[in-house]
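Enquirer: Requesting a structural model of the entry that follows:
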Amino acid sequence: LLLAIHHLVIDGVSWRILLEDLGHAYARLRAGEPVVLPAKTGSVKDWALALQAHAAAYGDEELAFWRPLTRASAELPCEHPEGANTQAERVSVELRLDRARTHALLKKVPAAYRTQVNDVLLTALGRALCAWSGHERLLVMLEGHGREDLLPAGVDLSRTTGWFTSLFPVLLDPSGSPVDALKRIKESLRNIPAKGLGHGALKHLGSEAQRQVLRALPSPQLVFNYLGQVDSGFDAQAPWRLADENPGAAI
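Expert: Reported below is the predicted structural model:
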């Protein structure tokens, strides 16, 4: 049995919820027992209303954080700006780390500097991009899971399926030594209000004045998304596993 669901209706967290429920139901049915699933959590409608309330309550306060980014650099070098920019010209590059480097990235560095893996990856990305582009600091887009705690209207999304991904600009300053750059980027990420969720809320649900400020921000030309250790959760969700087949064109 192959399960395939369009990304427009499901995100990575939703897969875990769905497969846990299917695994639980399967085990109960095989044992001849009735299927009883945990109670549902907040709806997508509840979440939409919470985003509206957040934009209304914290919009001006968060706008003070986003407004200075209007002066940030976002452009990357381009040899042929007049060239075509369509799906037909798309190229994929895959890089794999060996076991030792993977262990260092996932375990050693975060423990030594009290950071998360995405802090390390963004620091490396920022240093490479700035060295290449000549910018001292550079704006990139960052994707998050989007299931953040919103105050005061908190919504429990722990068992809600859908696509809650957030998208927001981040200014990377990777100057100095690798350690200094890592600490600086780590702190800058921690200072982003509402873990970036407010950017999308204000851009689409804020007042006209707030939306104008966010529309004036430079458009980053690179999107970063750390998916985490996606395959690690499948061990506990047997008999499911990631499919080996080519999924085909993404667009």
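Enquirer: Could I get the phi/psi values of L167?
Expert: phi -140, psi 120 (degrees, to the nearest 10).
Enquirer: tell me the contacts of it?
Expert: Going by CB atoms under 8 Å, 6 or more residues apart in numbering, L167 touches M141, L142, E143, G144, G196, H199, G200, V223. C-betas here are computed from N, CA, C, even on glycine.
Enquirer: Of the residues you listed - the most surrounded one?
Expert: Of all these, the highest neighbour tally under other CB atoms under 10 Å goes to H199, namely 27 neighbours.
Enquirer: what about it, which helix or strand?
Expert: If you go by DSSP states H and E, H199 is part of helix 197-205.
Enquirer: and if you look at W132?
Expert: Since the elements are taken from DSSP H and E, W132 ends up inside helix 117-133.
Enquirer: now the helices: where do they sit in the stretch 101-250 of the chain?
Expert: Taking DSSP state H, counting those that start in this stretch to define them, one finds helices in the stretch 101-250 of the chain at 109-113, 117-133, 178-190, 197-205, 208-215.
Enquirer: where's the residue nearest to W240 when sequence neighbours are not counted, which helix or strand?
Expert: Nearest residue to W240, sequence neighbours excluded (CB to CB, 6 or more residues apart in numbering): L19, at 5.1 Å. According to DSSP H and E, L19 maps onto helix 12-30.
Enquirer: Keeping just the C-alphas, turn that helix into CSV.
Expert: Taking C-alpha atoms only, helix 12-30 is exported to CSV below (Å, rounded to 0.1, in the frame of the first residue of the first chain):
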residue,chain,number,x,y,z
GLY,A,12,5.9,16.9,7.7
VAL,A,13,4.4,17.0,11.2
SER,A,14,1.1,15.8,9.8
TRP,A,15,2.7,12.7,8.3
ARG,A,16,3.8,11.6,11.8
ILE,A,17,0.2,12.2,13.2
LEU,A,18,-1.4,10.3,10.4
LEU,A,19,1.0,7.3,10.4
GLU,A,20,0.7,7.0,14.2
ASP,A,21,-3.1,6.8,14.0
LEU,A,22,-3.0,4.3,11.1
GLY,A,23,-0.4,2.2,12.9
HIS,A,24,-2.5,2.2,16.1
ALA,A,25,-5.7,1.3,14.2
TYR,A,26,-4.0,-1.4,12.3
ALA,A,27,-2.6,-3.0,15.5
ARG,A,28,-6.0,-2.9,17.3
LEU,A,29,-7.8,-4.4,14.3
ARG,A,30,-5.3,-7.2,14.0
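Enquirer: That concludes my questions; thank you for your assistance.
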